Every structure is written in C-alpha cells, then in structure tokens.
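Sequence and predicted model, in that order:
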Protein chains: 2
Amino acid sequence: MDLVLDLSDRGDRAGALYRALRDAVRDGRLAPGDRLPASRALAGDLGISRTTVATVYERLVAEGFLDARVGAGTFVSAVAATPSRYATGAVRPRPGWRWAPVPVSGESAVPVYDFRVGIPDASLFPFDTWRRILAAESRLHGHHPGAYGGPAGLPRLREAIARSVAYGRGVRADPDEVVVTSGTQQALDLVARVLVEPGDVVAVEDPGYASARDLFASHGARVVPVRVDGEGLVVDELPDETRLVYTTPSHQFPLGVALSLARRRQLLAFAASRDAAVVEDDYDSEFRFSQRPLEPLHALDEGGRVIYVGTFSKSLLPSLRAGYLVAPASVMDALLAAKQLTDGFGSTQPQAALARFLEEGLLARHVRRAAKVYAERRELVLDALAGMPVEVVPSAAGLHLAAFAEVPSGLAERALAAGVAVDTIGQHRIGAGRDGVVLGYGAALTEAIRPGLARLARAAGWTSA
Amino acid sequence: MDLVLDLSDRGDRAGALYRALRDAVRDGRLAPGDRLPASRALAGDLGISRTTVATVYERLVAEGFLDARVGAGTFVSAVAATPSRYATGAVRPRPGWRWAPVPVSGESAVPVYDFRVGIPDASLFPFDTWRRILAAESRLHGHHPGAYGGPAGLPRLREAIARSVAYGRGVRADPDEVVVTSGTQQALDLVARVLVEPGDVVAVEDPGYASARDLFASHGARVVPVRVDGEGLVVDELPDETRLVYTTPSHQFPLGVALSLARRRQLLAFAASRDAAVVEDDYDSEFRFSQRPLEPLHALDEGGRVIYVGTFSKSLLPSLRAGYLVAPASVMDALLAAKQLTDGFGSTQPQAALARFLEEGLLARHVRRAAKVYAERRELVLDALAGMPVEVVPSAAGLHLAAFAEVPSGLAERALAAGVAVDTIGQHRIGAGRDGVVLGYGAALTEAIRPGLARLARAAGWTSA
C-alpha cells in the first residue's frame, strides 16, 4: 500500500488514523479489494501502538469501509466504493476541523454482556415519578409566557444543585456560582471557550477521557497527556507552561484511582504558582463503595482556581442532558455570556422538573437505591476477576473499574463477537503504558456478569476452556 | 469625569461601553454620586450614536449601577459601591472574552403593553396536547436503556423536520442533512466552529441580529456590517474577502423586508465566485400574511453553499429550545463532530415528543391557528400606525414589523416607564442609519395594541396629547 498518512494533527492519533484511512477509501486512493498492512506493521511504521491501529481497523470494519477476513487480513470493502453523498456540497470545514463524530453507545444494538463504561441502569430510574413531576411542572409552566430564560439556568435548579453538591459531595457553592449545562460536555466547552486560547497548553490525564481531549483540541489547545499512577495524576510531570489542568480526581477515568490528598495539595500549589486553572470533573463519584471520600479539589481550593463539573448522566440518566459547573465569580460573567452565545439557555420544563426532583430528595433516594445494586454488581465483577490473570486497579467509587492485563490485539472486537461489550485501557491512552480492560457495571445486568466475564476471559486467552 | 473607555474590541460598541462603565463602577474609578456625561456629549466624544449611549445608560440604570434623576442627569448609584462577589476567584477569562451576558426577556417582569420582538404568544400553545405526547413518549422511552444518543438528533425527528421544511418552506432536505440543535443559537455556533477561522470576514446585516454578530465575533471572526435596503441585504456591498454571509432573507431582522429574488441570485453568485458560505436564518417566516413566499436561498442554491437554519422558538415556544440546520453533506461530518463535542446530543424525550407533534400534523395546525391571531394583531398595529408620523417598512411574514420614525433619545426607557416594551431600530444597528421602532405582535395581547401604541406615540412625542 503506497499511502501517505498524516498523523501530525492534534493529540488524538486514533482519530487521525481513522480519518486518514476513511478519507483514502472515500476518495479512491485505497481501492476496493486493496489489502491493508497488518496492524503490527502499520503501528511500527507510524510509531503508534498496535492497539490503536487495531481499534481503528475495527471501527472501519464496523462502519463498512473495511472487511476483516479471518486468516487473510483486512481489505477495503467493495461497498466502500459506492459514490458517497459526503462528496456533495461546496462548503468545506476549515483546516483542522476534519473531525468525524465518534460513534456513541446508543447507536448500536445493546450487547448481551454489557460492560460498557459510563452507562447507568435505566431500569432503576423512577420513570413514573419523573413523569408525574414533569407533568406537574409543565402545567405550572403553562402560566408563563413563551419568554427566553437566563443563561445560568432556572434559579430554583441552581439552588437545588448548590444544596445537593454541598450535601452529597462537600462542595460549598453559592447558587450564583452554579451554571446549569447540557451535560459535562457543555460545561467543558464553556470553560474552554472562556479560558483557553489557541496554543495554550491544556494538561490531561493519560489514560483519560477522549471527549475532553478532543474538545480542548478543537479550541486550538496544545493538549499534553500526563501520566497517571496509583495516586492519580502525576502532578510532578505537568508541563511548566500549563494553563489548564483537566482531571478526574474522585474516580480517575478510566483507571478508577483517587487522586491522593498529597497530590491534591500539590496540584493546587502548582496551579497557584503557574497561574493555571483546574477543571475537576466529578462524573460518577456519587456512587461510593467504601470509606469517606477525599475532599474535592474545589473544597481544598482557597485561591479560586478550581472549576467543579458535575453531571446527572450517571446519577440519573444520560438522556436528561443535565449537568452543571461551579465556578469562581471571576469567570462567571464570561461563562454566562458563553452559555448564552452557545445555545441561549436550557429548556425550561425539564429544568423545573429536575429542580423539584432534587428538592423532594428523590435524587438522594435514587442514588442510595442504585448504589446498592451497583455495589452488588461490583462485588460480582471483583469475585470473577479474582480467578483471572489480571491486576485490579484499586478504586472506591463510580460505575466502572479497571484491571491491568495482557490484552491480545483486537480484544474488543473479538469480545463483541462473543456478545461482550468492553473497553480496553489502551483505547483510552495516547502514549504508551499498561493495557488491560475497563469494566462498566452500570449497564451490566447482575445475572450476566459471571457468564459475561467468563466469555471475556476466553476471548482474551486468560483461560484455556 | 476623567475616564478612559476602550471601545476598540469587537464590533459591539454598546456591549463594550456597557462593560467599560460597569467595570469602572465596580472597581471604584466611578464613585457613588459621580455624574455621568450627557448621552449626547459622550456619544460625540466616543464617535458612536447617541442611541447607543442612551441604551447602555438605561441598562445600567435597570441593573442598579446608575440612577437617572429627572432633570438632573445620570449618576453612579450609592448601592453600586457594595463590594461585589464578582471580584473573587483567581482565574480570569482570556483576553477578548470579557463579555457579559445580555439580559433576556424572561428575566424581567412582563410589561403591560408588550411589543418585544421574537416572543410568541404562549397562551396559544396547546399545552394539554403537548403534555399528553410528552407523557406518552417518556413512557416508551422507559423501555430503552440509559444510553447516549447520536449528535444529529433522533432519526425520527430528523425525518419529521425534513418533511416539515419541505412542506412548509420549500426546502428540499434529506433527513441525513438535518441536525437537531438547541435553538438557532446553537445552529449558528456549530456553523461558526466548523467554518470560521479567527480573522475570517463574516458579513452580517446592519441593522441585524446582535446574538449572531456576537457569536461570530466570539469565534474570532472579523464581523463586517453590511447595509440593508428595501430589497434586503445590499449584496453589492459585501466585502470581497467575505468567507461567510449571515442573512435573514425571508423576514429581515429587524426591518422585516424580504430579500428580493434578484438579490438572492446575486448573493448565490457572489458566494460561488468568492468560495463563501451563506447562512440562511429563517426564524419566523412560518407566519405569512400575503402572497406566496419567495423561494428560500436553500432551494435556489445549486452549489451546496447554503446552510439553512430554522427554529421552533417562534412557531412553538422558546422554552422548548428546539431548532435545526440543514447543511450540505460536505460539512455534515464536521458539524456532527462539533455538536458532539459541544454538548453531546439533545435530550431524548423532548425530541421524541416533538417528532410525534410534527408527525401528527400538530405543528401545521398550531401555525395555522396562531397565524390567524397574529394576522389580526398585525392589522391592528398597522391601523394604529397609519395615523402616526412613521414610515412602515413593508413586510409579509413573521412576528414583528418595523417603522422608520424620529425617535427621541431614551425612547425605550421612557416607553417602559409608561408600561410599553419596545425596541428601537437603532438598538439593532452598528453603523449609522435611519432610526425607528420594532414592534413585536407575538406577545402583545390583542386588546392591548391600540392603547399601547397610543402610549408609545406620546412617549415618542409623535402626538401632542
């Protein structure tokens, strides 16, 4: 194959390789029937991990651009040559904006053994109560005119969130410091708009959360991956010129470790000395399975450098699209202006319903109930892993855990063929580092855990049978 | 007053003056009791319109920073010196991001005579039907897991929108070309991210829609105002280096004229010759009061250069936060990636409910019913204006109309004191041009129109009594 692949843009090598190969297929540089290099060979040529290449191949196979033939290799599929609607239109995205959307969990069929990360069990959600509240609040809403709301969100919801994070997470927030957002992703987007200039260094955890990396990169940031060890983010290795640190201190994504108290203090001291900001993404630590949680960075922060981001996607449902941020007053005007420019304001009825849900203590009740179910599933996962050649990463919260292990190439695809949906740690890495698996137990049905992990072990070659 | 005001940033002079004065009050450069220059004098010093200065003073008075004393002038208020929470926090927005959110309609009390622009009459909305549909769709939704949705929106809603714009607006769209957004504002934001590079020239109409101007400026665009005449945007005056044209061809905002067919063709030819993109914002032309509408730019566009933007904020309710764009396939991948990075995806239940609302023909029915009410109100406004020294701008659609007139300084504030909410044309201008009033009849109760306009005429000095 005589093909120049440019992987220089952004930090996301998997994404760059994906786009480069897809575009080559689309515009005919790779013709139907062409054989692709073995993943090991291509990885060597490009200086990236074999897992990355394998993941990209899997995705292109899943999307129909490539065919994988057992024992023969990977080929450009015949269908891929069909003239695509994507060629139409004269306007083109600006340079650096040749992104493609990442496939999301809801778009494919639900696998039988579902260890996907970050998906709560929707069957635990009190839909009847939610419907009753939504109906009541939309009736009240009928009395108001069709006006445009403020960008910060309904005052009543901001108050409910301030109380909820104080009680549940030890974050002391004034309602004026709360902005209601459309999930974590919008909270990060507002922060990036307001704080990140093109060329600024944004430090992220590696392995880490790809959607945050991609977001900061889309704002022109130089995204620098920083190592994670048993105490969380290795603060010593943050670049001196860091303007913003994105971290998941309560339950590192995806490894699950907590940032140690020493590291928390070190990180805040670093931010103060470098005049940097810190984004604390606390996405799922409402679910706790052991001792008292460490103080959030936000609570330890005396300098007003931490922006705390939370979401109801894990504690309630992703489809509610409800999240929030808690920010120092010094950036509040700019964040609100950014929110207003971005999408005006949040939808009113669902915000009112969510406020009432929190006011009536239904969030706390749901989290208590769901945590019991998740704790049981977590124990089942840990029990099953105990007999396998893996090293479980210690964690005490959240909806997933990680385990270091030998991972054969193409594990995710092989597992899926056996009905098991699972992420590898490598999928979440930019640089080199130990591989393994990330096991979500939010969506995994309790009775599916043992047989699912047995199938995974066979697919991974961890057991002989 | 010895105060240096820096109005160099961005195109938004009113915003810059507002922020400069507010900050001066906050940090004590303007002390309580200080008298501000007369608006005419300050306007002369700064080389901006007196209306702009008056508008900014009004806003600062409304927010408590300034006091207006009849016959004496405008002073820094005593309360304004209270130490503000806004001083706290160590992180600061990046340079160029010293925006403050613009006050929105829903934040203040509803005036008795409400001629605000762009607000539909919520009392016409079929809340009971909407609640029934929302409840039904959230019941169905209960069967699905708590998964993450795709960034384009629910496929069912994209199909319903494609049918609706074909039937209602003559826009031929494939469902694959539709992206569901959180209102017009998010549609514009996605377009700006994907198409506008810092420094790019974005041409906007003047007078025009400030939220669009501000948005493009926030992405680093050089926003260039271009004159509007009786045929709409003066295409001849578009700068040669224009990369993107933002226009409201069906019902120019705020003047209300339609872009003539000759100008439409000229604009598309301009875009083709300069390799520019065109954003067609069709925000309220579902409501039509005369002849067949002109073909949308999107329908005339053979080159794939037009992105069509629509909203349900006027045809249904702003609080639904539902809009969409129709874009050529060549930018679709990038737009979807931008949507995914921005806020993930739209909330599922309301999208399903909206889809069913459209499928059952309830949108078309609502628009027909509401259009009758708005037509009656529009006639009442035109009747009342017929006896006043104003020149009504011809228009045939939408929820507001404009009239050129002599407008005394501070009219909006004076009118509000008489219970009348109204915009001046000058509020929507960047450059010089004829002033006048913009009269929304969406929120104006039918029986309030005559007395409201009589009060406005007195406040404006158009009548003696």
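Perfect, thanks for sending it.

Tell me how many other residues crowd A:Ala460.
Other residues within reach of A:Ala460, judged by other C-beta atoms under 10 Å in any protein chain shown, total 23. Placement of C-beta: from N, CA and C, glycine included.

Disregarding residues adjacent in the polypeptide, which is nearest to it?
A:Leu411 (5.7 Å; C-beta to C-beta, 6 or more residues apart in numbering or on different chains).

Sketch out the low-pLDDT regions of chain A for me.
A:1-11, A:26-28, A:62-64, A:79-87, A:96-100, A:103-108, A:140-147, A:291, A:464-465 (pLDDT under 70).

Can you give me the distance of the closest residue to A:Tyr374 other than its chain neighbours to chain B?
Closest residue to A:Tyr374 apart from its sequence neighbours, by C-beta to C-beta, 6+ apart: A:Phe287 at 5.4 Å. To chain B, A:Phe287 is 14 Å away according to C-beta to the nearest C-beta, to the nearest Å.

Next up, the contacts around A:Phe287.
By C-beta atoms under 8 Å, 6 or more residues apart in numbering or on different chains, A:Phe287 lies in contact with A:314-315, A:367, A:370-371, A:374, A:397-399.

at 10 Å instead, please
A:120, A:251, A:314-315, A:367-368, A:370-375, A:378, A:396-399, A:441-442 (C-beta atoms under 10 Å, 6 or more residues apart in numbering or on different chains).

which phi and psi does it have?
Backbone torsions of A:Phe287, given as degrees, to the nearest 10, read phi -90, psi 110.

likewise A:Val76?
Backbone torsions for A:Val76, taken as degrees, to the nearest 10, come to phi -70, psi 130.

For it, grab the count of nearby residues.
24.

Where does A:Val437 sit: helix, strand or coil?
Under DSSP: H, G, I helix; E, B strand; the rest coil, A:Val437 falls in the strand class.

before we move on, back to that, just the ones in helices from the contacts of A:Phe287, please.
A:367-368, A:370-375, A:378 (DSSP state H).

ok, so what distance separates the residue nearest to A:Ala460 from chain B?
Distance of A:Leu411 to chain B, computed by C-beta to the nearest C-beta: 22 Å.

so that residue sits right up against A:Ala421, yeah?
No - counting by C-beta atoms under 10 Å, A:Leu411 stays clear of A:Ala421, with 11.6 Å between them.

circling back to that earlier point, ok, the residue nearest to A:Ala460 - contacts?
Counting by C-beta under 10 Å, 6+ apart, A:Leu411 makes contact with A:51, A:54-55, A:58, A:405, A:420, A:422-424, A:426-427, A:435-437, A:456, A:459-461.

What subset of those is buried?
Neighbour counting by 16 or more other C-beta atoms under 10 Å in any protein chain shown classes A:51, A:54-55, A:58, A:405, A:420, A:422-424, A:426-427, A:435-437, A:456, A:459-460 among those as buried.

what separates the residue nearest in space to the middle of chain A from chain B, distance-wise?
Closest to where the C-alpha atoms of chain A average out (C-alpha atoms, centre = their mean) is A:Tyr209, at 4.7 Å. Applying C-beta to the nearest C-beta, the value for A:Tyr209 to chain B is 12 Å.

which one is that residue nearest to, not counting chain neighbours?
A:Phe253 (4.7 Å).

how about that neighbour, secondary structure?
Recorded secondary structure, A:Phe253: coil (three-state DSSP).

What is the neighbour count of it?
A:Phe253 is flanked by 26 other residues according to other C-beta under 10 Å.

cool, and A:Arg450?
Neighbours of A:Arg450 using other C-beta under 10 Å come to 14.

Now do the helix or strand hosting it: distance to the chain's middle.
Taking DSSP states H and E as the definition, one finds A:Arg450 inside helix A:449-460. Between the centre of helix A:449-460 and the centre of its chain there are 24 Å (C-alpha atoms, centre = their mean, to the nearest Å).

sorry, back to before: anything in contact with each of A:Leu411 and A:Ala421?
A:Leu456.

show me where the stretch 101-250 of chain A has helices.
Under the criterion DSSP state H, counting those that start in this stretch, helices of the stretch 101-250 of chain A are mapped to A:127-141, A:155-169, A:183-195, A:210-218.

can you redo the ones you listed as CSV with mean neighbour count?
Formatted as CSV, the helices of the stretch 101-250 of chain A follow (neighbours: other C-beta atoms under 10 Å in any protein chain shown):
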stretch, mean neighbour count
helix A:127-141, 17
helix A:155-169, 19
helix A:183-195, 27
helix A:210-218, 23
